[in-house]
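Chemist: need the 3D shape of this:
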Amino acid sequence: MSFFTLGHRGVMGVEPENTVRSFVRAEREGLDGIELDLHLSKDGALVVMHDATVDRTTDGTGAIGDLTLDELRTLDAGRGERVPVFEEVLAAVSDQLPVQAEIKDVRAARVLAGVLRERRLLGRVSVLSFHDDALREIHALLPEARTVLVAGRTGGDLVERARAVGSRLVSLELGKLCLDTVEECRAAGIEVMAWTVNTPRELALARALGLVGAVTDLPGTKRMVRAATGANPGDGGPGRGVATAPRHRNW
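Modeler: This is a model prediction of the structure:
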């Protein structure tokens with residue numbers, strides 16, 4: 001069974017997270033896709049950053065929603081990298097590289113839907129979120145969009161929530177997953193991926209549970225998957241030099 005790997009905020013274990021440098025490295029290392037986070041700036045730009053504030057990952061302070069894009073551009077996001085917007089990340093990597101865009105700020109849902117529609121990105125970009133309201137809005141605006149429900153818990157309403165937002169894939173914390181949850185989802189036609197897989201032990205657990213993929217912080221994880229599955233390094237796409245999983249219908 002194929003097992004896809006997505007670069008978590010690029011490859012945040014070795015590069016400044018959610019920067020162009022990090023996403024380019026993730027692609028260069030042969031990961032099957034990238035995952036990024038979205039907030040809205042004060043002037044409505046789709047800012048790629050995990051936290052609601054810039055304090056942890058830049059040399060600035062304050063809430064993203066209180067800063068204009070020009071103000072955000074003055075900040076150092078690590079190793080001289082600037083805070084990118086969604087469109088810049090897409091332009092920096094191959095137009096064939098799958099992207100999971102996680103809505104952190106519910107207000108970003110409508111803006112993201114517009115970008116996906118105008119730029120015809122529905123075949124490449126999946127939308128994920130912890131916020132059911134954001135995914136419902138995406139599903140209402142773009143019924144054909146692939147949505148991924150991210151959940152911090154694995155309660156009995158997981159399948160119901162996924163169905164309500166149109167998701168056929170859920171992303172769950174690996175350490176909180178059990179086989180019963182995976183089987184319940186699969187019986188409902190919903191597949192499961194995990195965050196975060198960085199070690200051989202975590203990969204072994206993910207594969208034992210029958211997960212379809214995972215996000216990873218580290219550039220070597222795709223090679224680890226290849227070694228575990230016995231895949232041929234020559235199976236990768238042109239210029240990759242590594243094996244890549246076929247693009248999954250839900251991610």
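Chemist: show me what contacts the residue nearest to the spatial centre of the chain?
Modeler: Among the residues of the chain, the one closest to the centroid is Glu35, at 2.5 Å (Cα atoms, centre = their mean). Going by Cβ atoms under 8 Å, 6 or more residues apart in numbering, Glu35 touches Leu6, Gly7, His8, Arg9, Val99, Gln100, Glu102, Leu128, Val215. In short, each C-beta sits where N, CA and C put it, glycine included.
Chemist: show me which of these is closest to Asn18.
Modeler: Arg9 (4.6 Å; Cβ to Cβ).
Chemist: Leu142: neighbour count?
Modeler: Other residues lying near Leu142 total 18 when counted by other Cβ atoms under 10 Å.
Chemist: wouldn't it be in contact with Ala113 here?
Modeler: Yes: assessed by Cβ atoms under 8 Å, Leu142 is found in contact with Ala113 at 5.3 Å.
Chemist: first to last residue in stretch 70-84, what's the distance?
Modeler: Using Cα to Cα, to the nearest Å, one end of stretch 70-84 lies 11 Å from the other.
Chemist: what's the answer for stretch 193-209, then?
Modeler: This stretch, stretch 193-209, spans 10 Å end to end (Cα to Cα).
Chemist: and for that stretch, what's in contact with it?
Modeler: By Cβ under 8 Å, 6+ apart, stretch 193-209 touches 3-6, 8, 13, 148, 150, 169-174, 177-179, 182, 192, 211-218, 221, 224-225, 228, 251.
Chemist: so which helix or strand takes in Gly156?
Modeler: Under the assignment given by DSSP states H and E, Gly156 is not contained in any helix or strand.
Chemist: equivalent analysis for Ala140, please.
Modeler: Element membership of Ala140 [criterion: DSSP H and E] is helix 132-141.
Chemist: for that helix, packing partners?
Modeler: Other elements packing on helix 132-141 under the criterion 3 or more Cβ pairs under 8 Å, 6 or more residues apart in numbering; DSSP states H and E are strand 99-103, helix 108-118, strand 125-129, strand 147-151, helix 158-164.
Chemist: let me know the angle separating the second one from helix 132-141.
Modeler: Here helix 108-118 runs at 30 degrees with respect to helix 132-141, directions being taken by axes from the mean of the first three to the mean of the last three Cα atoms, to 10 degrees.
Chemist: CA atoms of helix 108-118 as PDB?
Modeler: Output of helix 108-118 as PDB, limited to C-alpha atoms (Å, rounded to 0.1, in the frame of the first residue of the first chain):
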ATOM      1  CA  ALA A 108      -9.500  32.900   5.600                       C
ATOM      2  CA  ALA A 109     -12.000  30.300   4.200                       C
ATOM      3  CA  ARG A 110     -13.800  32.600   1.800                       C
ATOM      4  CA  VAL A 111     -10.600  34.200   0.600                       C
ATOM      5  CA  LEU A 112      -9.000  30.900   0.000                       C
ATOM      6  CA  ALA A 113     -12.000  29.600  -1.800                       C
ATOM      7  CA  GLY A 114     -11.700  32.500  -4.200                       C
ATOM      8  CA  VAL A 115      -8.100  31.900  -4.900                       C
ATOM      9  CA  LEU A 116      -8.700  28.200  -5.500                       C
ATOM     10  CA  ARG A 117     -11.500  28.900  -7.900                       C
ATOM     11  CA  GLU A 118      -9.700  31.700  -9.800                       C
END
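Chemist: now do stretch 22-39, average pLDDT.
Modeler: Here stretch 22-39 scores 98 as its mean pLDDT.
Chemist: flag every buried residue along that stretch.
Modeler: 22-27, 29-39 (16 or more other Cβ atoms under 10 Å).
Chemist: next SSE downstream of the helix or strand the residue nearest to the centre of the chain falls within?
Modeler: Using DSSP H and E, the element containing Glu35 is strand 33-40. Using DSSP H and E, the helix or strand that follows strand 33-40 towards the C-terminus is strand 46-48.
Chemist: give me the contacts around that following strand.
Modeler: With contacts defined as Cβ under 8 Å, 6+ apart, strand 46-48 is touched by 18, 36-41, 64, 69, 72, 83-89, 108, 111-112, 115.
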